[in-house]
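**Q** give me a model of this one.
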Amino acid sequence: MQPSTHEELLNLVKNLSEAKAPSGFEEESIAVAREFAASFAEAEEDHVRNLFLRPRNFSGTKPVFMLDAHGDEVGMMVQAIKPNGTLRFLTLGNWTPNTLPSSKVWVRNRFGRYIPGIIAAPPVHFLTEAERNRPADPASLVIDIGASSREEAENVYGVAMGEPVVSAVDFSYDEEHDRMIGKGFDCRVGCAAMLETLRRLSDEELPVDLCGVMSAQEEVGERGATVAVQEVRPAVAIAFEGCPADDTFTEPYMTQTALGKGPMIRFMDRSMIANPRFMRDTIELAERLGIPLQTSVRSGGGNNGAVINLVEKGVPVIVVGVPVRYIHSHYGFASLADVRAAADLACAVVREMTPEKLASF
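**A** Next up is the predicted model:
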């Protein structure tokens, strides 16, 4: 199929970003993906809310190329309701702690409706000097939904233990500079690139069978991918990500993931070393086709590729990351051109993944 138009791809990212889908509660992001893929892929879900998308050209007779992108985002869960009506919470995934206080969030109540709340920050007037200089500790924070007692929070607002909480952020786009602002870009921009890749390749004769997976619960330990890879049994894979951009806080010589410079593939992070032959082949392919590409070596971070990489006899995996400034906080910057370039790269890799090339990895 033809690539999505600018407006179609932008609308996909917007809908994915605004979906309220923290780890374990991926229903809304799955619904966006189902709608986008309805015309070109068969959709199936499992019990942990992994979404499997098999395009109409899936034959069942070729090596399976898995395209993974996780459908969850960092969020929170209500742990308890205090006597004054504020909510204790635990984080789902790793947050940058100092970004939490004074932020607006959506709290789902037991009726399935999201209500507004604020992560409370005591006014500076009530803080000691030591408290003013102390880093934020998520364990000491609470969410205020406006209630004045536990009974009111439960019976009027309908809040209960175990309900999810997500950032209250509206998506916006600066057309002139190609800058998107929104929440959950880790990994919703990766999801958009994965879905766009599936769409473009869904009616082509390919050397492999594609299976797209919007996996669950990556932010709490790659749990969905651990299950999904047993179903897909891939011969080769790409793990799409919304990866942390480093161009605003590192020295120029160390900048490896800049916004607007194309997708990033990483040689290693703390969770995996990417297949070096797959990496080299992808770099050479991008250079030959003129696709912008960045490479990185990371001491931290992790991704679903680490799980996929270790099944069967070892699956060749690369991570294709769309740069995002300030991930694991409420807001992020990303470039739509980087999303499109990530799909360009993935399409090229899939089209050239012959059995001979796969064997060489």
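
**Q** spatially nearest residue to Val156, not counting backbone neighbours?
**A** Nearest residue to Val156, sequence neighbours excluded (C-beta to C-beta, 6 or more residues apart in numbering): Ala147, at 6.8 Å. C-beta coordinates here come from the backbone N, C-alpha and C atoms, glycine included.

**Q** state the number of residues packed around the one you found.
**A** Neighbourhood size, Ala147 [other C-beta atoms under 10 Å]: 21.

**Q** again with Met76
**A** Neighbourhood size, Met76 [other C-beta under 10 Å]: 27.

**Q** okay, and the residue nearest to it when sequence neighbours are not counted sits in which element?
**A** Counting by C-beta to C-beta, 6+ apart, the nearest residue to Met76 once its immediate chain neighbours are dropped is Val165, at 3.8 Å. Per DSSP states H and E: Val165 is located in strand 164-167.

**Q** helix or strand right after that strand?
**A** Under the assignment DSSP H and E, the closest C-terminal helix or strand after strand 164-167 is strand 172-174.

**Q** for that following strand, which helices and strands make contact with it?
**A** Judged by 3 or more C-beta pairs under 8 Å, 6 or more residues apart in numbering; DSSP states H and E, strand 172-174 is in contact with strand 179-182.

**Q** in its sheet, what does the strand it packs on sit against?
**A** Within its sheet, strand 179-182 is paired with strand 172-174 (antiparallel), strand 332-334 (antiparallel), according to DSSP bridges.

**Q** hmm, who's touching that strand?
**A** If you take C-beta atoms under 8 Å, 6 or more residues apart in numbering as the criterion, strand 179-182 is touched by 10, 13-14, 17-18, 169-174, 188-189, 259, 331-336.

**Q** narrow the residues you listed to those that are buried.
**A** 10, 13-14, 17-18, 169, 171, 173, 188-189, 259, 332-336 (16 or more other C-beta atoms under 10 Å).

**Q** kindly check the end-to-end length of stretch 311-329 for me.
**A** 32 Å (C-alpha to C-alpha, to the nearest Å).

**Q** now do the buried residues in it.
**A** Within stretch 311-329, the residues scored as buried using 16+ other C-beta under 10 Å are 311, 315-329.

**Q** same check, this time on stretch 156-165
**A** The neighbour-count check on stretch 156-165 (16+ other C-beta under 10 Å) flags 157-159, 163-165 as buried.

**Q** how about low-confidence regions in this protein?
**A** Flagging of the chain using pLDDT under 70 yields the residue ranges 126, 131.

**Q** spatially central residue in it, please.
**A** Cys187 (1.3 Å; C-alpha atoms, centre = their mean).

**Q** what sits against that one?
**A** Cys187 sits next to 69-73, 218, 240-242 when contact means C-beta under 8 Å, 6+ apart.

**Q** now neighbour count too, for these, in a markdown table please.
**A** A markdown table is the format used below for the contacts of Cys187 (neighbours: other C-beta atoms under 10 Å):
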| residue | neighbour count |
| --- | --- |
| Ala69 | 31 |
| His70 | 33 |
| Gly71 | 31 |
| Asp72 | 28 |
| Glu73 | 30 |
| Glu218 | 28 |
| Phe240 | 32 |
| Glu241 | 32 |
| Gly242 | 27 |
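
**Q** mind checking how far Ala136 is from Ala239?
**A** Taking C-beta to C-beta, to the nearest Å as the measure, Ala136 falls 31 Å from Ala239.

**Q** which of these two has more neighbours?
**A** Neighbour comparison, Ala136 and Ala239: the larger count goes to Ala239, with 31 against 17 (by other C-beta under 10 Å).

**Q** any idea how far the closest residue to the more buried one other than its chain neighbours lies from Ile318?
**A** With sequence-adjacent residues excluded and distances taken as C-beta to C-beta, 6+ apart, Ala239 is closest to Gly305, at 3.8 Å. For Gly305, the distance to Ile318 equals 7 Å [C-beta to C-beta].

**Q** my guess is the residue nearest to Val156 contacts Gly117. True?
**A** No: contact criterion C-beta atoms under 8 Å: Ala147 and Gly117 do not qualify, at 9.6 Å.

**Q** name the nearest residue to Val189, sequence neighbours excluded.
**A** Val322 (4.2 Å).

**Q** parallel or antiparallel, list what pairs with whichever strand or helix holds the one you found.
**A** If you go by DSSP H and E, Val322 is part of strand 317-325. Strand 317-325 sits in its sheet next to strand 236-244 (parallel), strand 264-268 (antiparallel), strand 332-334 (antiparallel), going by DSSP bridges.

**Q** next SSE downstream of the second one?
**A** Pointing back at strand 264-268 there. helix 276-289.

**Q** and the helix or strand following that next one, what's buried?
**A** Once helix 276-289 ends, the next helix or strand along the chain (criterion: DSSP H and E) is strand 294-297. Across strand 294-297, burial judged by 16+ other C-beta under 10 Å covers 294, 296.

**Q** check which helices and strands strand 294-297 sits against.
**A** Helices and strands touching strand 294-297, by 3+ C-beta pairs under 8 Å, 6+ apart, are strand 264-268.

**Q** one step back: ok, the residue nearest to Val156 - contacts?
**A** Each residue near Ala147 by C-beta under 8 Å, 6+ apart is listed here: 85-86, 153, 156-157, 159.

**Q** tell me the one among those nearest to Glu284.
**A** The closest of these to Glu284 turns out to be Val159 (C-beta to C-beta; 54.3 Å).

**Q** is the closest one part of a helix or strand, or is it coil?
**A** Three-state call for Val159 (DSSP: H, G, I helix; E, B strand; the rest coil): coil.

**Q** no more questions from me, cheers.
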